[in-house]
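J.: The sequence and its predicted three-dimensional model are supplied below.
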Amino acid sequence: MKTSQIESIESGWEQPEELEVRVARNAEDWNLAKSALFEEHSLGAGAEAGDRLCQLVYEREKLVAVLVWCAAAFHLKGRDEFIGWDPVTRAQRLKLVVQNRRFLLLEATRRPNLASQSLGAGLRKLVVQWEQEHGYRPLLAETFSDPESHAGTVYKATNWVLAGTTAGFSRDALDFYVPNGRPKKLWLKELAPKARALMCARELPQTCQGALTAGAGARSPLKVPKLNSHSSQGAAAGERAEAGSGGNDLTGKAFHGLNLEFFGTASLGRSTSLSNSGSAAALHAALKAAAA
């Protein structure tokens, strides 16, 4: 018998059995997870946005931990700088990032190192399980910890990178955030070798192609100052045309609805819009005047 085995027996400590990570496949599984989170997690069960995945971690057929993953936050300065994303690339590839929305270690099953073992087990299965559920592989995970109540020890133990603090906003609706006055620590974990380089590459690996968001914005050849200049010129041209025509619908009045997005701020990840527009001839005239 090996010395390590003898020491384990003499100390009364047992080697932990391998943890099993199961995916919540149906309403019953999700209800089990939500019930545990509602009862024991300080933030409750919460609500997920976008693609989601729930991992149920079992040890000897007993549920010991719950991990809930979902869509990433739209904009995090520390994360985007860590990756090297510009706004357009972020808009197109945001689904490559998944957020650990909830992590719960059930109180009745707590023992030393079980938290890091459960999180590590979940991370090892995450990429494959996510691909099975949603058809693409994520490359980065993000999560948060409250510095006032958690030191983030479990994230350090599983090799997450501390990427700064958030600005202190909470998701209030699907795409709406409100200030909460409590900035969080931002933790990031690469899910593949050289993940950051892959996320910025001209072309994504085939297994990640499904994460691309079509129509997320096209690059403008103009820089932001130039876009601002064109927008101001277009508005002035519209006012001049309207003043000279008495406000006919086919004149510059049609261009009061033109905003900066029309001149290329789709490159900032926002949608292109044109409101209160008039005829194509009026559009052409205003653009010609703006370029003069």
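T.: Thanks, I have the structure now.
J.: contacts and neighbour counts: CA atoms only from here.
T.: Fine.
J.: does residue 54 count as helix, strand or coil?
T.: strand (DSSP: H, G, I helix; E, B strand; the rest coil).
J.: beta partners for it?
T.: On the basis of DSSP bridges, residue 54 is bridged to residue 68.
J.: going forward can the numbers begin at 878, since that is how I track them
T.: Right, with 878 as the first residue, what we last looked at is residue 931.
J.: Let me know how buried it is, in neighbour terms.
T.: By other Cα atoms under 10 Å, 26 other residues sit near residue 931.
J.: With the one 5 residues further on instead?
T.: Counted with other Cα under 10 Å, the neighbours of residue 936 add up to 17.
J.: Apart from its neighbours in sequence, what residue is nearest it?
T.: Among residues not flanking residue 936 along the chain, residue 896 sits closest, at 5.1 Å (Cα to Cα, 6 or more residues apart in numbering).
J.: What of residue 899?
T.: Nearest non-adjacent residue to residue 899, counting by Cα to Cα, 6+ apart: residue 933, 5.1 Å away.
J.: Contacts only, for that neighbour.
T.: Contact analysis of residue 933 by Cα atoms under 8 Å, 6 or more residues apart in numbering lists 898-901, 910, 940-944.
J.: give me that answer again for 7 Å
T.: With contact set as Cα atoms under 7 Å, 6 or more residues apart in numbering, residue 933 has these partners: 898-901, 940, 942-944.
J.: if we can go back for a sec, looks like the residue nearest to residue 936 contacts residue 939 (just checking).
T.: No: judged on Cα atoms under 7 Å, residue 896 makes no contact with residue 939 at a distance of 10.0 Å.
J.: who has more neighbours, the two?
T.: Under the criterion of other Cα under 10 Å, the comparison of residue 896 against residue 939 puts residue 896 first, with 20 against 12.
J.: how far away is the more buried one from residue 998?
T.: Here the distance between residue 896 and residue 998 works out to 7 Å (Cα to Cα, to the nearest Å).
J.: low-scoring stretches of the stretch 1028-1169 of the chain, by residue?
T.: 1045-1058, 1093-1169 (pLDDT under 70).
J.: Please read the previous query as pertaining to the stretch 878-1027 of the chain.
T.: 878-894.
J.: where along it do the helices fall?
T.: Along the stretch 878-1027 of the chain, the stretches classed as helices by DSSP state H, counting those that start in this stretch are 880-888, 904-917, 954-960, 964-970, 991-1011.
J.: Alright, I will stop here.
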